[in-house]
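Participant: need coordinates for the following:
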Amino acid sequence: MASKLTASQALGTDGTDFLHRQRIAAQYQFSAMNKSRLKYCIFFHYLLFFVMLAKLSADILDHLDIFVLEIEELQIPQPLWWEYIWCGSLLLSFLALSAIRYNRIKTIQRYMFGIVVLGYGPLIYGVVYYFKDVWTYLTTNDKENIQIWQGMPYGLLWYAFLLLASQVHFFSLYFSWNLQSAWKARGSKKTE
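Facilitator: Numbers count the residues shown, from 1 in each chain. A predicted model of the protein is given here:
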């Protein structure tokens, strides 16, 4: 059955002959989708970094001998070392972005290893460190024997942050693993 001929079609075709030529291999579609999703995870990692930086701002300004009354009035508790180490995990995003750009398997593997060490390592320490306060608050609702900040249990606030950060890291690792698999599949088909 012939359809209406347009100026962009070759004579003698009805426009459906492109179907056999316009297919993209599955691993390339999978790679493009996971690259986009990993970029979203990196974006959320940056957002969490700025939340952590806001928390660390009082300590950073104290080390620089800068006094800001509004920040000092918040009475932000002193940071622990794991908070600074977790901030270092942001530098790994540059590895991931480089791996995405050039489809480098080794670079994405370094990113994944770094997220486990610099991302999950400090988060696990934070979970263990604040567990006693959170458990005490959840079981007894006692606010006198735990650390309180602005009327809220400090450990519970940290658990909210830790939950979000662990989800971002989990999905970053998942999409990185998918990218690694897609790139390895692409490489194996070239060698066959």
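Participant: from the chain's centre, how far out does stretch 159-171 sit?
Facilitator: Centroid separation between stretch 159-171 and its chain, computed with Cα atoms, centre = their mean, to the nearest Å, is 9 Å.
Participant: tell me which residues of it come out buried.
Facilitator: By neighbour count on 16 or more other Cβ atoms under 10 Å, the buried set for stretch 159-171 is 159, 161-162, 165-166, 168-169, 171. C-beta here means a position set from N, CA and C on the backbone, and glycine is covered the same way.
Participant: same check, this time on stretch 70-85
Facilitator: Of all the residues in stretch 70-85, those buried under the rule 16+ other Cβ under 10 Å are 71, 76, 79, 82-83, 85.
Participant: want to throw those into a markdown table with distance to Gly119?
Facilitator: Formatted as a markdown table, those follow (distance: Cβ to Cβ, whole Å):
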| residue | distance to Gly119 |
| --- | --- |
| Ile71 | 27 |
| Ile76 | 23 |
| Pro79 | 17 |
| Trp82 | 11 |
| Glu83 | 13 |
| Ile85 | 10 |
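Participant: minimum pLDDT in those, which residue is that?
Facilitator: On pLDDT alone, Ile71 ranks lowest of the buried residues of stretch 70-85, at 77.
Participant: same for the helix or strand containing Ala165, what does it pack against?
Facilitator: For Ala165, the host element (DSSP states H and E) is helix 154-191. If contacts are counted by 3 or more Cβ pairs under 8 Å, 6 or more residues apart in numbering; DSSP states H and E, helix 154-191 sits against helix 26-63, helix 92-102, helix 105-114, helix 121-140.
Participant: just the residues contacting the second one, thanks.
Facilitator: If you take Cβ atoms under 8 Å, 6 or more residues apart in numbering as the criterion, helix 92-102 is touched by 35, 38-39, 42, 45-46, 104-105, 107-108, 110-111, 114-115, 118-119, 172, 176, 179.
Participant: buried subset of those residues?
Facilitator: 35, 38, 42, 45, 104-105, 107-108, 110-111, 114-115, 118-119, 172, 176, 179.
Participant: neighbours of Trp86, just the number please.
Facilitator: For Trp86, the neighbour count with other Cβ atoms under 10 Å is 25.
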